[in-house]
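S.K.: Okay, predicted coordinates and the sequence, questions at the end:
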Amino acid sequence: MPTLSAFVQDERTARILLSLAGTSNDTVTGSLLASVGGVELITLADSDKPIPGMDTVETAVWRDRMRVAGTLDRLVARMAEADRVRVLIPSDPEWPIALNDLGARAPYALWALGRTELLTAPASQLITVTGARAATGYGVHVAEDLSSELARSGRTVVGGAAYGIEGSAHRSALLERGDTIAVLAAGVDRPYPAGHADLIQSISRQGLVISEVPPGLVPTRQRFIDRARILAALSESTIVVEAGFRSGALHTAREAALLGRDVGAVPGPVTSAASAGTNSLLQSGDARVVTNASDITRECTANAPKRNAIHPGASRAVVPDSRVL
């Protein structure tokens, strides 16, 4: 009877299988992947051998989860679909080294449409701009100004292509003929939100669209939560332009802070619920004040030497095969 390992040819196909069958942001799988590599991980999933670092119960739970997610008929069909999209793994020249800071939470692979070379820039060149979906005129205006200026200065604007602040940031970068990266919570062939299908297509032509989930998958609440760590890790700075108390943008800011990244927030009217989250970040000292793009680039320039000192000679994982599907 065919098994998961029957489809594994090398590290690349192993990571593609994990992306298709595994659960994103799973530290158990991520730790095992870092320890034994993708090929051996798939072999362990198919076998009854003991797994390093896991007891009997943990091993059984992990194998059961992998086998249920990895129904063979479903995987075979989805592997065929994957040929249409560029897949990046840590050994590829375009893999963003900054994602390695996530450790066991790093994506197994990235599915990409567009200019993957944008991922080779230092983290200090990438700025994540996020905020409320239900943005006010004030928030949209500030997001447009910041992103336009960042694009003109040669920075790459990163966002999630959502309504409101993120959509405004992407559009402004595109209008300046600048670089922009959209990180989706769905497959790159499933533009979300649907109302931004044209925008996402434009980003894929002029910039880059990426996702850790494979083509065909739709967004879920958990995938939005998981995406926040990628938005935060890619960039040296995460800027929250406008956000309410319950905004998902605050989760991205928390992820950035956990990674030691710079976090900035734009102050808003104290009477505006849409700025309650950003004002709270500033009041608590969890973010610095941002009023213009110079505030952002100045901090990035100051932080770059510190980051290089903390992560000297950062390297990519080395695996024997680096071909592209």
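M.R.: Received it, and whenever you're ready, just let me know what you need. Residues are numbered from 1 along each chain as shown.
S.K.: Give me the helices and strands touching the strand or helix carrying residue 170, please.
M.R.: According to DSSP states H and E, residue 170 maps onto helix 165-175. Other helices and strands packing on helix 165-175, by 3 or more Cβ pairs under 8 Å, 6 or more residues apart in numbering; DSSP states H and E, are strand 126-130, helix 137-152, strand 156-159, strand 179-183, helix 197-206. The way it works is simple: take the backbone N, C-alpha and C, and place the C-beta from them, glycine included.
S.K.: Run through the helices of the stretch 1-150 of the chain in chain order.
M.R.: Using DSSP state H, counting those that start in this stretch, the helices of the stretch 1-150 of the chain run over residues 11-21, 27-36, 38-46, 56-69, 72-82, 137-152.
S.K.: can you put those in CSV and add mean pLDDT?
M.R.: Output for the helices of the stretch 1-150 of the chain, formatted as CSV (pLDDT from 0 to 100):
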stretch, mean pLDDT
helix 11-21, 87
helix 27-36, 91
helix 38-46, 88
helix 56-69, 80
helix 72-82, 65
helix 137-152, 97
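S.K.: So which of these is the most surrounded?
M.R.: The highest mean neighbour count among the helices of the stretch 1-150 of the chain, using mean count of other Cβ atoms under 10 Å, belongs to helix 11-21: a mean of 25.
S.K.: related to what we said a few turns ago, what's next to the helix holding residue 170, contact-wise?
M.R.: 129-133, 135, 139-140, 143-148, 150-151, 156-157, 159-161, 179-180, 182, 196, 199, 202-203, 206-207, 241-242, 249 (Cβ atoms under 8 Å, 6 or more residues apart in numbering).
S.K.: quick revisit: and of the helices and strands packed on helix 165-175, who's closest to residue 64?
M.R.: strand 179-183 (30.3 Å; Cβ to Cβ).
S.K.: so that closest one versus helix 197-206, what angle?
M.R.: For strand 179-183 against helix 197-206, the angle by axes from the mean of the first three to the mean of the last three Cα atoms, to 10 degrees is 120 degrees.
S.K.: average pLDDT across strand 179-183?
M.R.: The pLDDT scores in strand 179-183 average 98.
S.K.: switch to numbering from 21
M.R.: Got it, the first residue is 21 from now on, which makes the last one we talked about strand 199-203.
S.K.: in its sheet, what does it sit against?
M.R.: strand 176-179 (parallel), strand 228-231 (parallel) (DSSP bridges).
S.K.: Rebuild the ones you listed as JSON lines, extending it with mean neighbour count.
M.R.: As requested, the strands paired with strand 199-203 are exported to JSON lines (neighbours: other Cβ atoms under 10 Å):
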{"stretch": "strand 176-179", "mean neighbour count": "27"}
{"stretch": "strand 228-231", "mean neighbour count": "26"}
